[in-house]
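A.B. asks: Following is a predicted model, sequence given first.
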Amino acid sequence: MNTKRQTIWLVSMLSLMVVLSAYYLFTGNANNLNLNPQNQQAGGNVKVDTQNVTGQMNDAASSAAADSSAVQSNAQSSSAQAGTQSNALSSADQKVLSTVQNQGKSGSDFFIAEEMKRTDQVSKESDQLISIINSNKSTDAVNEAYNKLTLLQDNEAKVTNLEDELSQDFANAIVVQENNNWKVMVQADHLEKSQAVSIIDKVVTELNVHPEQVSVQYVK
């Protein structure tokens, strides 16, 4: 700020010198011009003090680097602590956890085949129930078929929503019903215990089932 004020003052003095020089030149008294020697000396020694600025910039850079290192260290510490906590499972979680690597099939082809199989099964069940609803069977049979069809459609919508949610964390995911149990398969190189427990929690919440009804597998 002081350097800026000094520069403005110097420019003003130089402008004044030019005006006075022109005045005395036209009035014939240019030889009588008596300028303040201190002003002339100031004009010959004007410079910008970059040392302090550079020093402040270096200090700021050093401080920023130190802060960055501290933040990174804290982040790594927090991450390590979170990882330790996520792997600490209760006995109940370990009991319902089933992480089995599928052998013989892998990649997207497996999930495409499983998706087609499930879609075909749901389609067949829907057709059977619709045929009962449209038949001349008893009212009780029609109502039962209608309720089953409604439940089937609701479950399919929930399964689709669950698969979409799991696909945010895994390349592929599919949820298959086996009698009264549900099997979740995800595509991953490996599956942490904490991830499997999280998947089970999502299935329990979405499908309103018990944890022991859910199994988890991963496919490479």
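C.D. replies: Looks like it came in fine.
A.B. asks: Backbone torsions only: list them for Tyr218.
C.D. replies: phi -130, psi 150 (degrees, to the nearest 10).
A.B. asks: Can you give me the distance of it to Ala188?
C.D. replies: In this view, Tyr218 and Ala188 are 5 Å apart by CB to CB, to the nearest Å. Glycine gets a C-beta too; all of them are placed from N, C-alpha and C.
A.B. asks: and if you look at Glu212?
C.D. replies: 23 Å.
A.B. asks: Between those two, which is the more surrounded one?
C.D. replies: Between Glu212 and Ala188, counting by other CB atoms under 10 Å, Ala188 is the more crowded of the two (17 against 12).
A.B. asks: Quick check: that one touching Gln217?
C.D. replies: No: with contact taken as CB atoms under 8 Å, Ala188 and Gln217 are classed as non-touching, separated by 10.1 Å.
A.B. asks: now the helices for the chain?
C.D. replies: 2-27, 37-44, 50-86, 91-96, 107-133, 139-166, 193-207 (DSSP state H).
A.B. asks: which parts of the fifth one are buried?
C.D. replies: Of the residues in helix 107-133, those with enough neighbours to count as buried (16 or more other CB atoms under 10 Å) are 110-111, 114, 118, 122, 129, 132-133.
A.B. asks: what angle sits between it and helix 139-166?
C.D. replies: Helix 107-133 runs at 160 degrees relative to helix 139-166, counting by axes from the mean of the first three to the mean of the last three CA atoms, to 10 degrees.
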